[in-house]
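# Prediction below, plus the sequence it came from.
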Amino acid sequence: MKKVWAFDLGASNGRLILSSFDGKRLHFEEQHRFFNSPVHVTNHYYWDILKIFEEMKVGMKKSLKNGNKNVESMGIDTWGVDFGLLSKNGELLSNPYSYRDPQHAVGMTEALKTTAKDDLFYRTGNETAPINTLFQLYGIQKNNPSLLENAETLLMTPNLISYLFSGEKRNEFTISSTTQMLDKDSKDWDTALVKQFGIPAHIFAPVTMPMTSIGHTLPEINLELLMDPVKVINIAGHDTASALAALPIKDNNSVFMSCGTWVLMGVQVEKPVVTQEAYEWGFTNEGTIDGQYRLLKNNMGLWLLQQCRIIWEKEGIATNYIEEDQLGANATSFQSFINPDDPSFFNPTNMVEAIQAFCRNSGQKVPETRAEILTCILESLALKYRWVVERLEKLTGKQLNKIHMGGGGIQNQRLCHFTANATDREVIAGPIEASSIGNSIAQWISLGELNNLSEAREIVDNSFDVAVYEPKNQMKWQEAYDRFKEFV
């Protein structure tokens, strides 16, 4: 059987999946997994891109050692908006900034002194948010101008890593569509917009569509790993676009949810939706693997839980999904709610204290125990997802009957149950490794083993199990939603 490597790099961990295809079913085997987190130094948050690169090679070595010598290709997907800058001779100028760096908010504030927020939305289709690449660059220009002056090439994170493996400089469409610098109609860089903000337009590597070949691994990589050249493929570089490609959606009346540190929730549309309501409700339009768009809302996801775990681990109390489910089962429901997307939860020093402070300041019962905090988080997340679904229906004019959840977050079964209950919709959860699967099927299509995305989704549906959650306790959840809306 032919095999491909799918690298799925998230904001909290990275993994290498070996995908094989026997003509009827896809087979997956995890080769390596590693922790990933921004590094805080000199008052900034950076990604340790060289550590990520080394961990990826560790995974490849493991896979080769296990006898997987005939790997056809590799593809890389990551989180959005972040990037790296190269010098004229192709060297990395700096560790890339993380989207959580506070400098970016300053960049947005300064940029919006000269440009209206809604104009940017109507022009690019992207929600105007401080994490966007446009404002990151503007912040760099104001605070570290020599970095841009010395830059010859900008590559988005998955394309930067592909460059380290292949030496080829290209930016893929779906990841580029998260920058707020892509013309929503031409699907190419909006050079006039870039120049308007004084950002050098020549640094942007060309935009290419997914499912195309970039090249092959460099000779020095092959020599180091003792392997034959491996084809490097431009898959859907944004992890959410890859996840959507893998979800077994069979109609136009379903919502997708890519569940991880963030939860990205939306529907696929042929063209960007840039109405006044879409702007006011904070929706964005980002690319899909087949060149269309995802109308979606970026929502806080399991970041809240991940950061609470860090605090509890420091206190000597480590937990996992199973233990948390057991804890939460004994907690009283609907005691207190938070707005998961409140700015106070973006990057606090202590997430537990931040949640307690929100409840205290809003006159609610303050959650004290782990069970109470967990329940507060998960109920609030699920209720926010109902808020999003209702607005998606208004924006599309469709009745959205089902929700397809994919990604590592669906291992939290209470979140899946709560989402079904809160939205009063059937939830189909799976596959867990949706981004990795979408990554691999893009490679299989590019290699000619699969004909198109429709066929690929049928193969995925036959290859992986899903769990179905039906809504329950509707009266109680409706009452909870009526209360929750006060905080959004």
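Alright, I've got the coordinates. Numbering: from 1, shown residues only.
# in this structure, which residue is closest to the centre?
Taking C-alpha atoms, centre = their mean, the centroid of the chain lies closest to W79, which sits 4.3 Å from it.
# what sits against the closest residue to that one other than its chain neighbours?
Leaving aside its sequence neighbours, W79 sits nearest to A11 (C-beta to C-beta, 6 or more residues apart in numbering; 4.8 Å). Bear in mind the C-beta positions are built from the backbone N, C-alpha and C, glycine included. With contact set as C-beta atoms under 8 Å, 6 or more residues apart in numbering, A11 has these partners: 36-37, 79, 260-262.
# Buried members of those residues into ChimeraX, please.
Selecting the buried subset of the contacts of A11 in ChimeraX, with 16 or more other C-beta atoms under 10 Å as the burial test, is done by:
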select :36,79,260,261,262
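# Which members of the contacts of A11 are positioned in helices?
In helices, judged by DSSP state H, none of these are found.
# Let me know the closest of the contacts of A11 to Q268.
Comparing the contacts of A11 against Q268 with C-beta to C-beta places W262 closest, at 18.3 Å.
# Once you drop chain neighbours, what's closest to that closest one?
Leaving aside its sequence neighbours, W262 is closest to G301 (4.7 Å, by C-beta to C-beta, 6+ apart).
# burial of that neighbour, as a residue count?
The burial metric for G301, expressed as a neighbour count using other C-beta atoms under 10 Å, is 25.
# Was I right to think it contacts M257?
No: under the criterion of C-beta atoms under 8 Å, G301 is not in contact with M257, lying 9.1 Å apart.
# so which of the contacts of A11 comes closest to P200?
So of the contacts of A11, ranked by how close each gets to P200 (C-beta to C-beta), first place is W79, at 24.7 Å.
# So, low pLDDT: which residues of the chain?
Per-residue confidence of the chain (counting by pLDDT under 70) places no residue in a weak region.
# buried set for the longest helix belonging to it?
Of all the segments of type helix in the chain, defined by DSSP H, the longest one is helix 370-396. Along helix 370-396, these residues count as buried under the neighbour rule (16+ other C-beta under 10 Å): 370-389, 391-392, 395-396.
# Then stretch 154-163?
By neighbour count, and taking 16+ other C-beta under 10 Å as the criterion, the buried residues in stretch 154-163 are 154-163.
# Now G84: phi and psi?
Here the main-chain torsion angles of G84 (degrees, to the nearest 10) amount to phi -130, psi 160.
# cool, the one 5 residues further on as well?
In terms of degrees, to the nearest 10, the main-chain angles of N89 are phi -90, psi 10.
# what about it, how many neighbours?
Going by other C-beta under 10 Å, the residues that sit close to N89 add up to 6.
# Renumber starting at 15 from here on
Will do, 15 is the new start, and the previous item becomes N103.
# residues contacting it?
Counting by C-beta under 8 Å, 6+ apart, there are no residues that N103 touches.
# That one and L64, how far apart?
Applying C-beta to C-beta, to the nearest Å, one obtains 17 Å for the distance of N103 from L64.
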